[in-house]
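Q: Starting from these lines, generate the structure:
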Amino acid sequence: MLCKNCGNSISSSDRFCGSCGAENPEYPSGEAISDQEHYSNTPADEPITSAPETNDIQFFEKTPEREYQAQEYNDTLNSQANLYYTEPQLETPYYEMEQPQTKKKKSKAPLIISLSAILVIIVAAALFLFLPSSPENINLNDYLTLEITGYDTQGNAELVFDAQKLTDDYGDILSGNLTYSYNSSPRPLQKISNLFSKSELDPQIGQKFFDDVIEFEFDKSENISNGDEINLFLTADQTKINQIWQANLVYEDIKTTAQGLYKATIIDVFEQIEVSFDGYNGQGIAGFRKNENYELPDDIIFTYSPEENLQNGDIITVKIE
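A: Just a heads-up that it's a prediction; the model follows:
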C-alpha cells in the first residue's frame, strides 16, 4: 500500500510512514494517537528514505495538518543530528591568514657555470695562439703529370705542373703564410689576423711555391722510344717549406714507361728537291725546285752556303732548318 500523505510504499502493519512520519489510518488497532505520542515513539536515528523513482506513483493531496507534522518531525531530526556535528568556525579565513615566509637561498650554480665557461674559452684561446699548429699537408703528386710526346725513338719527356689547381686549393693559406713570414710577424698575431681577414690572393702563388721549393731531374728526357722507362726525381727544400711557407709537403718520385709514340717515317729530304742555280758566272744565286712527290711541311727552310755571287765550279752546301 501507499502512504496517503507522501505516496511512499508502506506495509499495512506499519503504524507510521517511514518517509514522512504520517500515521497509517489502516493500522489494525484503529486507535488514533496524539502528536506527542507519535514523535516520542518514532526513533530519531531512523533513516528517511526518498520516494522511489517510478512512473506508477500516485500523489495525494496533503492536508495542512499533516504537512506541519512532517515539517516538525524533520526539524526534530535535524536538531538531533546537530548534537553530533558542529561545523568549525575560524575567526580568520585560512586564505587570509599570514603565511610564514621562507627565504630562498640563491643558487651559485649559474655563477659557477659562467666562470667555468670563461675559463674554458681562455684556455682554448691560449692553446690556439701559442701552441704550434699542424702545418697544412700538401700532396705534391696530386698536381704533377709526366708526359712523353713525339715519335718513337725521338720522344721527349716533360713535367707538367698544375699551378692553378694548387692555387685554388691552398692559395689563401700559402699567400697568408708567405706574407707574414716576409714581414717577420709573430705567429700568434698571424693566427689572429687569419681569423678576421683574408690575405690578398696572389694568382701565381702556386707557381711561386713550386719554383721556390722544388727541383726535379729526369734520368732520360730525349730520344725516347716506346718501352723506355723514364724516372723523374723530385727534391724539396724542407727548410723553406717549414719556415717560410709553413706547410708540410708530401711527394714521391715519378716513374713511367713510354708507350703510344707514333712510328716515324724516314724521309730523304733531298730526294724531294732539286738544287738550282740562276744568274751569270760570278753573279749566280742558289735555289731549289720541288719534285712531283714533295711531301715536306711548309715550315722547312733550306739554307745555302755560299748563296750569292756564285760562279761555275763552286761547291754549295745545303742545310735544313
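
Q: what about the stretch 51-200 of the chain, any weak spots by pLDDT?
A: 51-106, 125-135, 176-200 (pLDDT under 70).

Q: Give me the pLDDT for the closest residue to residue 271 other than its chain neighbours.
A: Closest residue to residue 271 apart from its sequence neighbours, by C-beta to C-beta, 6 or more residues apart in numbering: residue 291 at 7.5 Å. Every C-beta, even on glycine, is put in place using the N, C-alpha and C of the backbone. What the model reports for residue 291 is a pLDDT of 82.

Q: ok, residue 291 touching residue 275?
A: No. Counting by C-beta atoms under 8 Å, residue 291 stays clear of residue 275, with 11.6 Å between them.

Q: circling back: okay, now the residue nearest to residue 271: neighbour count?
A: Residues lying near residue 291 (other C-beta atoms under 10 Å) number 11.

Q: if I pick it, what's in contact with it?
A: Counting by C-beta atoms under 8 Å, 6 or more residues apart in numbering, residue 291 touches 271-274.

Q: Considering those, which possesses the most neighbours?
A: The most crowded member of these is residue 273, carrying 18 neighbours; neighbours defined as other C-beta under 10 Å.

Q: gap between the residue nearest to residue 271 and residue 225?
A: Separation of residue 291 from residue 225 (C-beta to C-beta, to the nearest Å): 31 Å.

Q: What of residue 276?
A: Going from residue 276 to residue 225 by C-beta to C-beta gives 38 Å.

Q: likewise residue 214?
A: When residue 214 is compared with residue 225 (using C-beta to C-beta), they lie 28 Å apart.

Q: Equivalent analysis for residue 234, please.
A: Applying C-beta to C-beta, the value for residue 234 to residue 225 is 24 Å.

Q: neighbour count winner among these two?
A: residue 234 (17 against 13).

Q: My reading is that residue 117 lies in a strand. Confirm?
A: No. Residue 117 is assigned helix when assessed by DSSP: H, G, I helix; E, B strand; the rest coil, not a strand.

Q: Numbering from 51 from now on, please.
A: Sure thing, new numbering starts at 51, so read that last one as residue 167.

Q: Count the neighbours of it for me.
A: Other residues close to residue 167 by other C-beta under 10 Å number 10.

Q: What of residue 367?
A: Residue 367 has 10 nearby residues by other C-beta under 10 Å.

Q: from memory it sits against residue 355, does it?
A: Yes. Taking C-beta under 8 Å as the definition, residue 367 is a contact partner of residue 355 at 4.7 Å.

Q: For residue 61, list the residues it contacts.
A: Counting by C-beta under 8 Å, 6+ apart, residue 61 makes contact with residue 51.

Q: could you redo the last one with a cut-off of 10 Å?
A: Neighbouring residues of residue 61 by C-beta atoms under 10 Å, 6 or more residues apart in numbering: 51, 68, 74.

Q: Secondary structure class of residue 68, three-state.
A: State at residue 68, reduced to three classes by three-state DSSP: coil.

Q: distance of it from residue 59?
A: Distance from residue 68 to residue 59, counting by C-beta to C-beta: 9 Å.

Q: got a list of what residue 224 touches?
A: Per C-beta under 10 Å, 6+ apart, neighbours of residue 224: 186, 188, 216-217, 249, 251-252, 255-256, 258-259, 294-297.

Q: run the last query once more with 6 Å
A: 255, 259 (C-beta atoms under 6 Å, 6 or more residues apart in numbering).

Q: what's it sitting at in phi/psi?
A: Torsion angles at residue 224 (phi, psi; degrees, to the nearest 10) stand at phi -60, psi -40.

Q: The protein: strands as residue ranges?
A: Under the criterion DSSP state E, the chain contains strands at 186-189, 194-199, 206-211, 264-268, 279-286, 297-300, 304-307, 323-328, 335-340, 352-355, 367-370.

Q: would CSV of the ones you listed with distance to residue 160 be doable?
A: Formatted as CSV, those follow (distance: least, C-beta to C-beta, whole Å):
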stretch, distance to residue 160
strand 186-189, 41
strand 194-199, 58
strand 206-211, 59
strand 264-268, 57
strand 279-286, 55
strand 297-300, 44
strand 304-307, 62
strand 323-328, 100
strand 335-340, 99
strand 352-355, 94
strand 367-370, 92
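
Q: any idea how far residue 337 is from residue 187?
A: Applying C-beta to C-beta to residue 337 and residue 187 gives a distance of 64 Å.

Q: Revised request: answer the last question for residue 224.
A: Taking C-beta to C-beta, one finds residue 224 at 13 Å from residue 187.

Q: Tell me how far residue 305 lies from residue 280.
A: Separation of residue 305 from residue 280 (C-beta to C-beta): 7 Å.
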